[in-house]
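J.: A predicted structure for the sequence below; I have some questions about it.
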Amino acid sequence: GAGVSQSPSNKVTEKGKDVELRCDPISGHTALYWYRQSLGQGLEFLIYFQGNSAPDKSGLPSDRFSAERTGGSVSTLTIQRTQQEDSAVYLCASSLAGRSLIFGPGTRLTVT
Amino acid sequence: SQQGEEDPQALSIQEGENATMNCSYKTSINNLQWYRQNSGRGLVHLILIRSNEREKHSGRLRVTLDTSKKSSSLLITASRAADTASYFCATSRLGGTSYGKLTFGQGTILTVHP
């Protein structure tokens, strides 16, 4: 596609449920990033994938958060047992190595 | 946690005026980038300045970097109503594993009145 796409655009879930957020990066981009943006914490790095290397998970806030990238392309961010503080906009970005990030439109997650 | 501080938090100007936003950071960096965000959604990369550069221009944008003060400024000249957005600085840490692993500032909300 022409840009980074994310789905769903909005997700409302009940506290305690699991959610999966999807990111389709730009074809050929080797690097993929997840960030989260919330009112209280601003924009925060979550996790980074580069090619076949082990992901950098240093930004994941708890073990309820995990992400995978299949076949070096699509990525899924999973949040288990969601909490209200997980409510945020989750942004995905991709890039070629050493180039600037191209962000997707984000998924707005609301935990009720 | 956010290491970057931006000021002002909000800026309101008239079309045609210049807008200046400032950013401070705490750690040594590889580069500093500025992003724009409309309506709380996707971020758009505006400009990157490397740690060994002091000033960079792109169209109506001018960025300066002072590594001794750990600060940067973004100047938008001859502003337009379409420049209304939130602007964020983001730093890539020196010695970091990735160009795109960024620490963002809190952002400046710019409103340009027609």
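T.: In hand now; what should we look at? Because the structure is predicted, anything quoted here is derived from the model rather than measured. Residues are numbered from 1 along each chain as shown, chains lettered A, B, ... in the order given.
J.: Check the offset of the helix or strand of chain B with the lowest mean pLDDT from the chain's centre.
T.: Using mean pLDDT, DSSP states H and E, strand B:5-7 stands out as the lowest-scoring helix or strand of chain B, at a mean of 82. Relative to its chain's centre, strand B:5-7 lies at 9 Å (CA atoms, centre = their mean, to the nearest Å).
J.: Show me what that strand pairs with in its sheet, parallel or antiparallel.
T.: Strands adjacent to strand B:5-7 in the sheet, as given by DSSP bridges, are strand B:19-24 (antiparallel).
J.: for whichever helix or strand comes after the strand it pairs with, packing partners?
T.: Sequence order places strand B:29-37 as the next helix or strand after strand B:19-24, per DSSP states H and E. Packed against strand B:29-37 by the contact rule (3 or more CB pairs under 8 Å, 6 or more residues apart in numbering or on different chains; DSSP states H and E) you find strand B:43-50, strand B:61-66, strand B:71-76, strand B:85-93. C-beta here means a position set from N, CA and C on the backbone, and glycine is covered the same way.
J.: bridging residues for the residue in chain A that chain B sits nearest to?
T.: Closest residue of chain A to chain B, CB to the nearest CB: A:Leu43 (3.8 Å). Beta-bridge pairing of A:Leu43 under DSSP bridges involves A:Gln37.
J.: tell me the contacts of it?
T.: A:35-37, A:91, B:2, B:43, B:88, B:90, B:104, B:107 (CB atoms under 8 Å, 6 or more residues apart in numbering or on different chains).
J.: Could you list the low-confidence segments of chain B?
T.: Residue ranges of chain B with pLDDT under 70: B:1-4, B:40, B:97.
J.: Close to chain A: what parts of it are there?
T.: Contact residues (CB under 8 Å from any CB of the partner chain) of chain B with chain A: B:1-2, B:33, B:40-45, B:48, B:88, B:90, B:97-107.
J.: just the buried members of those?
T.: B:2, B:33, B:41-43, B:45, B:48, B:88, B:90, B:98-107 (16 or more other CB atoms under 10 Å in any protein chain shown).
J.: tell me the mean pLDDT for stretch A:49-64?
T.: On average, the pLDDT along stretch A:49-64 is 93.
J.: Show the backbone phi and psi for A:Gly71.
T.: Dihedral pair for A:Gly71: phi 60, psi 20, per degrees, to the nearest 10.
J.: ok, what's across the strand from A:Phe65?
T.: With DSSP bridges as the criterion, A:Phe65 is bridged to A:Ile79.
J.: Make sure it is actually in contact with A:Arg36.
T.: No - using CB atoms under 8 Å, A:Phe65 is not in contact with A:Arg36; the gap is 9.3 Å.
J.: Find residues that contact each of those two.
T.: Counting by CB under 8 Å, 6+ apart, the residues touching both A:Phe65 and A:Arg36 are A:Leu46.
J.: Looking at those two now, which is surrounded by more residues?
T.: A:Arg36 (25 against 18; other CB atoms under 10 Å in any protein chain shown).
J.: Give me the spatial nearest neighbour of the more buried one, chain neighbours excluded.
T.: Closest residue to A:Arg36 in three dimensions, ignoring its sequence neighbours and counting by CB to CB, 6 or more residues apart in numbering or on different chains: A:Ala88, at 4.6 Å.
J.: Excluding chain neighbours, what is closest to the residue in chain B positioned nearest to chain A?
T.: As assessed by CB to the nearest CB, chain A sits closest to B:Phe104 within chain B, at 3.8 Å. Distance criterion CB to CB, 6+ apart; nearest residue to B:Phe104, sequence neighbours excluded, is A:Leu43 at 3.8 Å.
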